[in-house]
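> turn this into a model:
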Amino acid sequence: MNDRSLMWKNLWRKPVRTILLMITITIGFAIFASTISFSSASSNFNTLPTRMVTLSKVNFTESLPMAHYDRIRQTDGVLAATHMNWFGGYYREPQNFLAVFAIDPATYFQVYGEDLRGLPEAQRRAFFADRTAMIVPEQLARHWGWRVGQRVPLNSNIFTNRSNGRQVWDFMLAGTFPTPQGSSQTGSVLIHYDYFNETRTFGRDRIGWVPFLTRSAAENNQIAHRIDQRFANSADETSTADEKTFNESFAAQRGNLTLVISLVVGASFIAILLIVGTTMALAVRERTKELGVMKTLGFSSGRVMRMVLGESVLISLFGATFGVLIAAGMLKLMSTQFEGSGFTIGLTPIALVASIIVAIVLGLVTAAGPALGAYRMRIVDALGRR
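Next up, the predicted model:
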């Protein structure tokens, strides 16, 4: 019988205790892997180092006057600029959320052209020519069964259409474009700002934010300072940052969900640490005489210590494995909420590797005390203990 066999048999000496311990570890790792994967998916968008965004200094939901856009695009160092406005869209029912943006097509394609290269030229011309047109990701069109040329009603949970007194606009689907993994256009439904601006009941001639391209990433800080200083002490002060920072602030509109989950994960792992550590200490104490006999038979103190550490690492890895499998199922279920948008959530390699590393560390840390005690245990004391 080798050391692995002995560790396995010792684990199942108390099957109920082992199972309950595994369940505890499984829950912790299910939350851990889900958190990492969700955070990675929500921030996994390609960015350009020369693409920046200007928005209201107050907060993301405040709009800016159109005059700000004109001044920003004339700023020294700015190569091209466009503007965007949040529509707050959904299709048929509020739960069918859509990320709808009102844009200026000509300038938008200058700033985000590299992510819209998959749009056929004929469809691009059709989108530019019809102010009631929209373009959408291919996944979204397939999910809802939309066809190019079809008129699609989209609802807004913010704005009202003054032409019909309802919160609905009809758009003609002019084209679809692919959104590969990491595309900045993932899930984006694009409509004409001019059409939207003329028909909404409030907020006319105001925009949400201004994305723009700079000459060089090395000039970003100077350009940002130049723009924000230009609007300092005005009624609409601005905050300018690179695209990566902007995406993070956009994701932060979900609130401190990630922080809350991280605190829950941290608390769960502290609880696991205490539970597993106490259990391993109890298990070693129960086997004191056995460990003394093993040392009498020639088992070295180092070998006994490695076996105790191995038991803890083994049970931690088993719990982590089950936890990761549960996390994969949970994430798959969550991804159905974003079906068709192109936004996918799944177990990431980072979450898998992190879970393995944390499981090994957790096993070693929780068993360090009991293993050290087994290492220092003298044969006389072990055999004489009651």
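
> Leu64 and Ala141, how far apart?
Plainly put, Leu64 is 31 Å away from Ala141 if you go by C-beta to C-beta, to the nearest Å. Heads up, the C-betas are built off the backbone N, CA and C, glycines and all.

> so what touches whatever helix or strand Met52 lives in?
Assigned by DSSP states H and E, Met52 belongs to strand 51-56. The contact list for strand 51-56, computed with C-beta atoms under 8 Å, 6 or more residues apart in numbering, reads 62-64, 68, 72, 111, 208-214, 220, 223-224, 227-228, 236-243, 246.

> apply 7 Å and report the result again.
With C-beta atoms under 7 Å, 6 or more residues apart in numbering as the test, strand 51-56 has contacts from 62-64, 72, 111, 209-214, 220, 224, 227, 236, 238-243, 246.

> just after that strand, pick out the following helix or strand.
Following strand 51-56 in sequence, per DSSP H and E, is strand 64-65.

> hmm, back to that, if any of the contacts of strand 51-56 are buried, put those into a PyMOL selection.
PyMOL command restricting the contacts of strand 51-56 to the buried ones, with burial defined by 16 or more other C-beta atoms under 10 Å:
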select buried, resi 63+64+72+111+209+210+211+212+213+214+220+224+227+238+239+240+241+242+243+246
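
> in strands only, show me the contacts of strand 51-56.
Filtering the contacts of strand 51-56 for membership in strands, criterion DSSP state E, returns Leu64, Trp209, Val210, Pro211, Phe212, Leu213, Thr214, Thr238, Ser239, Thr240, Ala241, Asp242.

> ok, of those, which one's closest to Thr186?
Set against Thr186, the nearest of these by C-beta to C-beta is Pro211 (15.6 Å).

> identify the residues contacting that closest one.
Here Pro211 is in contact with Arg51, Val53, Thr82, Met84, Val111 (criterion: C-beta under 7 Å, 6+ apart).

> pLDDT and distance to Leu352 added to those, as TSV?
Formatted as TSV, the contacts of Pro211 follow (pLDDT from 0 to 100; distance: C-beta to C-beta, whole Å):
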residue	pLDDT	distance to Leu352
Arg51	93	31
Val53	94	33
Thr82	96	39
Met84	95	36
Val111	94	36
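
> which one of these is nearest Arg162?
Using C-beta to C-beta, Met84 is the member of the contacts of Pro211 that sits closest to Arg162, with 21.4 Å.

> okay, helices next: where are they in the protein?
Using DSSP state H, the helices found in the chain span residues 3-11, 15-42, 66-73, 105-111, 121-129, 138-144, 193-199, 220-230, 243-251, 257-286, 288-296, 301-335, 349-376, 379-384.

> those: which one's closest to Pro178?
Using C-beta to C-beta, the helices of the chain put helix 138-144 closest to Pro178, at 5.4 Å.

> next, the buried residues of that closest one.
Those would be Glu138, Gln139, Leu140, Ala141, His143, Trp144, for helix 138-144 by 16+ other C-beta under 10 Å.

> likewise for stretch 50-62?
Buried positions in stretch 50-62, judged by neighbour count with 16+ other C-beta under 10 Å: Thr50, Arg51, Met52, Val53, Thr54, Leu55, Ser56, Lys57.

> format those as a markdown table; extra columns: distance to Val100.
Formatted as a markdown table, the buried residues of stretch 50-62 follow (distance: C-beta to C-beta, whole Å):
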| residue | distance to Val100 |
| --- | --- |
| Thr50 | 26 |
| Arg51 | 21 |
| Met52 | 23 |
| Val53 | 18 |
| Thr54 | 21 |
| Leu55 | 18 |
| Ser56 | 20 |
| Lys57 | 25 |
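
> what is the nearest of these to Leu297?
Each of the buried residues of stretch 50-62 was scored against Leu297 by C-beta to C-beta, and Arg51 proved nearest at 69.2 Å.

> how far away is that closest one from Asn247?
Counting by C-beta to C-beta, the gap from Arg51 to Asn247 is 10 Å.

> for Ala106, same thing?
Counting by C-beta to C-beta - Ala106 and Asn247 are separated by 24 Å.

> how about Gly182?
Going from Gly182 to Asn247 by C-beta to C-beta gives 11 Å.

> more neighbours: which of the two?
Set Gly182 next to Asn247 and count neighbours by other C-beta atoms under 10 Å: Asn247 wins out with 19 against 11.

> can you list the neighbours in contact with stretch 69-88?
So stretch 69-88 is contacted by 54, 100-104, 107-108, 110-111, 156-159, 191, 193, 196, 207-215, 219, 223, 226-227, 230 (C-beta under 7 Å, 6+ apart).

> longest strand anywhere in this protein?
Assigned via DSSP E, the chain shows its longest strand as strand 168-177.

> gap between that one and the chain center?
28 Å (C-alpha atoms, centre = their mean, to the nearest Å).

> mind listing what that strand pairs with, with the direction of each?
Strand 168-177 pairs in its sheet with strand 133-137 (parallel), strand 151-156 (antiparallel), by DSSP bridges.
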